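Asker: quick one, what's the 3D model for this:
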Amino acid sequence: MNSKILGAVYGSLVADAFALGGHWVYDVNEIKLAFASLNGFHNPLTAYHNNKKAGDFTHYGDQSLWLLESLSLEHEFSLSSYSLRWKEYMKEYKGYIDGASSATLKNLEKGKSPLEAGSFSQDLSVVSRIAPLALVYGDNYTDFLSYALLQVKTTHNSFKVILATQFFTELLYRVLQGQSPRAAMSEIEAKSEDKNILNWIKVAFASVEHNTLEAINSFGQSCSVNGGCPGTLHLILKYEDDYKEAMQQNVYAGGDSAARGMVSGMILGAYNGIEAIPKEWINGLNNKNRIEKYLGILDE
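Answerer: Numbering: from 1, shown residues only. Sure, this is the predicted structure:
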C-alpha cells in the first residue's frame with residue numbers, strides 16, 4: 001500500500017479528529033482564545049459533540065470509518081452492504097446526527113432503496129468520506145468515480161453535491177497519479193464547462209495571496225458546497241506542501257472546519273504522502289487500531 005494512498009486516507013481522518021475541538025464554532029476569536037497552540041487534538045468546544053473527546057472523530061469521520069470497514073469486509077464497494085452497515089450504526093449512534101443523516105435514516109426505515117433514500121442536502125461533508133475508496137479504486141478512475149458517486153448518493157443526492165464529488169474525485173485521482181494539486185486544478189479548469197467548477201477554481205486561485213481567515217470568511221464558513229468548495233481549494237493551493245499548516249489554519253478559520261479539513265486533508269495527504277502527517281497526530285487517533293486492522297485486511 002503506497003504512501004500516497006495511505007496519505008489520502010489518514011490525511012482525511014486525521015483532519016477530522018484535528019478539527020473536532022473547534023468544529024462548528026464560527027467565532028474565530030473564541031477558537032484562538034481556546035487553542036492558542038494547535039499542535040494536537042482537543043476536546044470539542046460545542047455541545048454538538050459533547051459525548052466526544054480529543055482524538056475522536058466527528059460524525060463525518062465516523063461515517064468514513066464505516067465505509068473503510070465495509071470495504072475491508074467486502075474487498076470492494078457494495079452498495080447494499082455499506083447502506084445496511086450505515087443504517088445499523090446510525091440507529092444506535094451516540095454522536096451528532098445531522099439533517100442529512102436523519103432524513104436518510106427515515107427514508108431507509110420506510111423501505112426506500114439505498115439510491116432512493118438519500119437526502120437533498122448540499123453539505124460538503126459527504127465528499128470528505130470518499131478517501132477510503134482510493135484503497136481499492138485509486139488506479140481506476142472510472143470505477144473510482146462510479147463508486148464515489150454511489151457512496152455519496154446514499155445520503156446526499158443533490159446536484160451540487162454530485163458535482164462536487166465528481167470534481168474532488170478527479171482531483172484526488174490526478175494527485176494519486178503524480179500531478180500536483182495546482183497542476184491538476186488547472187487541467188480540470190481548462191476542460192470544464194461547468195460554471196460552478198470554474199468559479200470555485202477561479203476564486204480559489206485568486207484567494208491564495210490573502211489571509212486564510214479572511215478568504216474563508218468571504219467564501220462562507222458554513223456546511224454548503226457553495227462556500228465549502230472554494231474554501232477547501234484555498235487551503236489546498238495555499239498550503240500545497242504543508243499538511244500541518246493547512247490543518248491548523250483551517251481550524252482557526254472556524255465554521256465547518258471538519259468538512260473542509262477532511263477534503264483538503266485527503267488531497268494534501270495524497271500529494272505529500274503519509275510522511276507529511278505528524279506521527280503524533282496519527283498515533284493520537286482513538287480509532288487507530290481499528291483503522292490499522294481494516295487497512296491490513298485490504299492489503300492482504
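Asker: any regions of the stretch 201-300 of the chain where pLDDT drops low?
Answerer: Scanning the stretch 201-300 of the chain for pLDDT under 70 picks out 300.
Asker: helices of that one, start to end?
Answerer: In the stretch 201-300 of the chain, the segments counted as helices under DSSP state H, counting those that start in this stretch are 212-219, 225-238, 243-252, 257-272, 279-283, 288-298.
Asker: tell me which of those sits most buried.
Answerer: Compared across the helices of the stretch 201-300 of the chain, helix 257-272 shows the largest average neighbour count, a mean of 30 (mean count of other CB atoms under 10 Å). All C-beta spots, glycine's among them, are computed from the backbone N, C-alpha and C.
Asker: just the CA coordinates of that helix, formatted as PDB?
Answerer: C-alpha atoms of helix 257-272 as PDB (Å, rounded to 0.1, in the frame of the first residue of the first chain):
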ATOM      1  CA  SER A 257     -13.800  23.000   9.600                       C
ATOM      2  CA  ALA A 258     -14.200  19.200   9.700                       C
ATOM      3  CA  ALA A 259     -15.600  19.000   6.200                       C
ATOM      4  CA  ARG A 260     -13.000  21.500   4.700                       C
ATOM      5  CA  GLY A 261     -10.300  19.700   6.600                       C
ATOM      6  CA  MET A 262     -11.200  16.200   5.500                       C
ATOM      7  CA  VAL A 263     -11.400  17.100   1.800                       C
ATOM      8  CA  SER A 264      -8.300  19.200   1.800                       C
ATOM      9  CA  GLY A 265      -6.600  16.700   4.000                       C
ATOM     10  CA  MET A 266      -7.100  13.800   1.600                       C
ATOM     11  CA  ILE A 267      -5.700  15.800  -1.300                       C
ATOM     12  CA  LEU A 268      -2.700  17.200   0.600                       C
ATOM     13  CA  GLY A 269      -2.100  13.800   2.200                       C
ATOM     14  CA  ALA A 270      -2.100  12.100  -1.200                       C
ATOM     15  CA  TYR A 271       0.200  14.700  -2.600                       C
ATOM     16  CA  ASN A 272       2.800  14.900   0.200                       C
END
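Asker: to Ser113, which of the helices of the stretch 201-300 of the chain lies closest?
Answerer: With CB to CB as the measure, helix 225-238 is the member of those nearest Ser113 (24.6 Å).
Asker: fine, thanks again, bye for now.
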